[in-house]
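K.L.:
following is a predicted model, sequence given first.
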Protein chains: 2
Amino acid sequence: MSKSVERLSPAETVACCSPLMSSTPLSTAQAERIAPLLKALADPVRLRLLSLVYAHEGREACVCDLHDAFDLSQPTISHHLKVLHEVGLLDRAKRGTWVYYSVRTEALADLAHLIGGGR
Amino acid sequence: MSKSVERLSPAETVACCSPLMSSTPLSTAQAERIAPLLKALADPVRLRLLSLVYAHEGREACVCDLHDAFDLSQPTISHHLKVLHEVGLLDRAKRGTWVYYSVRTEALADLAHLIGGGR
DNA sequence: TCAATGAATAGATAGTGATCGATATTAGAG
DNA sequence: CTCTAATATCGATCACTATCTATTCATTGA
């Protein structure tokens, strides 16, 4: 049996939606699924985090790598990474003492299609 | 002389940026340009507003048309439309007593490319 | 000129979120 | 079994934002 809708991350529920710009407008329920994903993206620190993770060697980075790129405390960076992970935009892998994050590129691609895919 | 960067709407400043996922990560300045655009999008009411405007006859709609689709006060809808207009995602045209909004589709397309365009 | 209608502004409030310092947790080294 | 280093969690604070009601502004029609 597949996961119930409630257990899916926002990113996973987005692929199904027809684009923002189409002949049939978004339902309230659809809009409420999509908004959290965009909210997670809509922060300059988190945008840079995603970008830095992707550009990092091996397409993954640990918190310490990322922390150095900001003038922010370690808990703040950790918090932002958590937000991105919870909506399904970042994957998380613990190896030893380090936690490595990587970008879920297909989630971003789905989101991009949703935003710009209607034309 | 072209508009100074400060006068450009967020949507206008986004087209220039390389995608979120590329070998060179986003600069702080770039991230701070993009975030307001995403922030404007990151609300279920505003997502539906964009969608409704686009799906409406003639690809434009007045406030009264949109107001009916929500259980929210007219000033609240007006506020959300203003937010979308200010970042450059909606165009605004006053005709008589009515104000018609329409979607700036190329702004959404640029944003979509920025989010998903790196692969 | 006045009344009516559509839309925007103002001001208030309640909820959310970004950030910090302090603390807890986890895993490897010695 | 400690000590240390890497992350995560907690609790507090300050700023921002979604929403409302009341009001103002603008345009049309009588």
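P.N.:
Arrived safely.
K.L.:
pLDDT weak spots in chain A?
P.N.:
By pLDDT under 70, the low-scoring segments of chain A are A:1-7, A:16, A:118-119.
K.L.:
tell me the centre residue of it?
P.N.:
In chain A, the residue lying closest to the centroid (Cα atoms, centre = their mean) is A:Leu89, at 2.2 Å.
K.L.:
residue contacts, the residue in chain A sticking out farthest from the centre?
P.N.:
The outermost residue of chain A relative to its centre, with distances by Cα atoms, centre = their mean, is A:Ser23 at 27.2 Å. By Cβ atoms under 8 Å, 6 or more residues apart in numbering or on different chains, the contact set of A:Ser23 is B:Ala55. (C-beta placed from N, C-alpha, C; glycine too.)
K.L.:
roughly how far apart are it and A:Ser9?
P.N.:
To A:Ser9, A:Ser23 is 28 Å away according to Cβ to Cβ, to the nearest Å.
K.L.:
same deal with A:Arg92?
P.N.:
Remark: distance between A:Arg92 and A:Ser9 (Cβ to Cβ) = 12 Å.
K.L.:
DNA strand C contacts on chain A?
P.N.:
Chain A comes close to DNA strand C at residues A:39, A:43, A:45, A:71-73, A:75-76, A:79-80, A:83, A:94, A:96-97, as judged by Cβ under 7 Å from any atom of the strand.
K.L.:
could you pull out the strands for chain A?
P.N.:
Assigned by DSSP state E, chain A shows strands spanning A:60-62, A:90-95, A:98-103.
K.L.:
which residue ranges of chain A form helices?
P.N.:
In chain A, the segments counted as helices under DSSP state H are A:10-14, A:28-41, A:44-55, A:63-67, A:74-86, A:105-116.
K.L.:
the nearest residue to A:Ile115 once chain neighbours are set aside: neighbouring residues, count only.
P.N.:
With sequence-adjacent residues excluded and distances taken as Cβ to Cβ, 6 or more residues apart in numbering or on different chains, A:Ile115 is closest to B:Ala112, at 4.4 Å. Neighbour count for B:Ala112, taken as other Cβ atoms under 10 Å in any protein chain shown: 22.
K.L.:
what about A:Arg92 and A:Ser9, which has more around it?
P.N.:
Neighbours per residue, other Cβ under 10 Å: of A:Arg92 and A:Ser9, the larger number sits with A:Ser9, 17 against 14.
K.L.:
contacts only, for that one.
P.N.:
Residues in contact with A:Ser9, defined by Cβ under 8 Å, 6+ apart, are A:86-88.
K.L.:
kindly recompute the last result at 7 Å.
P.N.:
Counting by Cβ atoms under 7 Å, 6 or more residues apart in numbering or on different chains, A:Ser9 makes contact with A:87-88.
K.L.:
and it, backbone torsions?
P.N.:
phi -70, psi 160 (degrees, to the nearest 10).
K.L.:
one step back: give me phi/psi at the residue farthest from the centre of chain A?
P.N.:
Torsion angles, degrees, to the nearest 10, at A:Ser23: phi -70, psi -30.
K.L.:
could you check the distance from it over to A:His80?
P.N.:
Per Cβ to Cβ, A:Ser23 is found 37 Å from A:His80.
K.L.:
please apply the same query to A:Arg46.
P.N.:
Per Cβ to Cβ, A:Arg46 is found 5 Å from A:His80.
K.L.:
now do A:Arg48
P.N.:
Distance of A:Arg48 to A:His80, computed by Cβ to Cβ: 9 Å.
K.L.:
got the contact list for the residue nearest to A:Leu26 when sequence neighbours are not counted?
P.N.:
If you skip the residues right next to it in sequence, A:Leu26 has B:Ser51 as its closest partner in space, 4.1 Å away by Cβ to Cβ, 6+ apart. By Cβ under 7 Å, 6+ apart, B:Ser51 lies in contact with A:20, A:25-26.
K.L.:
thank you, goodbye.
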